[in-house]
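Student: Fold the following and give me the result.
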Amino acid sequence: MPHTEAQIVNMELGTMAELNTPGELWIRGYCVMLGYWGEPQKTEEVIGQDKWYRTGDIATMDEQGFCKIVGRSKDMIIRGGENIYPTELEDFLHTHPKVQEVQVVGVKDDRMGEEVCACIQLKSGEETTPEEIKAFCKGKISHFKIPRYIVFVTSYPLTISGKVCKMEQTREGQIAGPGTEGQVALTLPQGWVQKFKLREQMERHLNL
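Tutor: So this is what the prediction gives:
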């Protein structure tokens with residue numbers, strides 16, 4: 001795009017990320033807005049004095065300079081210090097022959113900080129188990145990315161614009177189920193708990 005600069009920034013160091021390493025996409029140029037109307041503080045949060053706009057998109061850049069969006073920074077799951085990008089995991093789970101749609105979210109965990117939860121919509125007439133999904137993941141993705149929690153859904157709660165509601169929802173609900181180390185609690189958006197009847201699914205599907 002003419003008169004536009006882009007860079008991938010390591011969010012922890014504030015420096016340019018290495019090639020093929022995820023970082024936040026920053027852009028600068030005529031295409032960037034001047035700011036949010038009447039909200040100078042919000043503007044300062046995303047546009048620096050040097051006019052770089054912090055998009056909130058997580059991306060990688062290859063050796064040829066092509067960028068690939070891999071997720072959103074606010075959706076990123078941090079499990080035991082490891083960064084997990086839901087979009088990357090969703091793309092992988094879509095390769096399962098029985099999976100129609102999948103949304104991955106982070107759930108609070110006292111020990112790891114967050115754990116991975118995959119909410120999966122199966123293709124019509126298909127059946128599977130959390131154990132089968134986890135077995136499909138083993139050896140194909142990093143072990144820390146394998147969802148600890150897997151629930152099966154028939155649809156997803158949507159925003160007014162038609163996007164799937166994820167962890168940006170502020171109201172949260174908890175569901176709990178028995179685990180090998182006592183009671184395990186999941187904290188998910190209230191809308192997800194109501195829509196998916198997750199409390200019942202914990203009892204039926206989750207092998208903790």
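Student: Let me know the pLDDT of residue 116.
Tutor: Residue 116 is assigned a predicted lDDT (pLDDT) of 89.
Student: so it touches residue 147, yeah?
Tutor: Yes. Using C-beta atoms under 8 Å, residue 116 is in contact with residue 147, at 4.4 Å. For glycine as for every other residue, the C-beta is placed from the backbone atoms N, C-alpha and C.
Student: Low-confidence bits of this structure, can you list those?
Tutor: For the chain, applying pLDDT under 70 flags the ranges 158-159, 165-208.
Student: Pretty sure residue 156 sits against residue 102.
Tutor: No. Taking contacts as C-beta under 8 Å, residue 156 lies outside contact range of residue 102: 9.8 Å.
Student: ok, back up a step: which neighbours do residue 116 and residue 147 have in common?
Tutor: Overlap of the contact sets of residue 116 and residue 147 (by C-beta atoms under 8 Å, 6 or more residues apart in numbering) consists of 89, 104.
Student: Now the common contact residues for residue 156 and residue 102.
Tutor: With C-beta under 8 Å, 6+ apart, residue 156 and residue 102 have common neighbours 119, 121.
Student: If you count surrounding residues, which of these two has more?
Tutor: Taking other C-beta atoms under 10 Å, residue 156 and residue 102 do not tie; residue 102 has more neighbours (23 against 18).
Student: tell me which element that one is part of?
Tutor: strand 99-109 (DSSP states H and E).
Student: Within its sheet, name the partner strands of that strand and how each one runs.
Tutor: Applying DSSP bridges, strand 99-109 is found paired with strand 113-122 (antiparallel).
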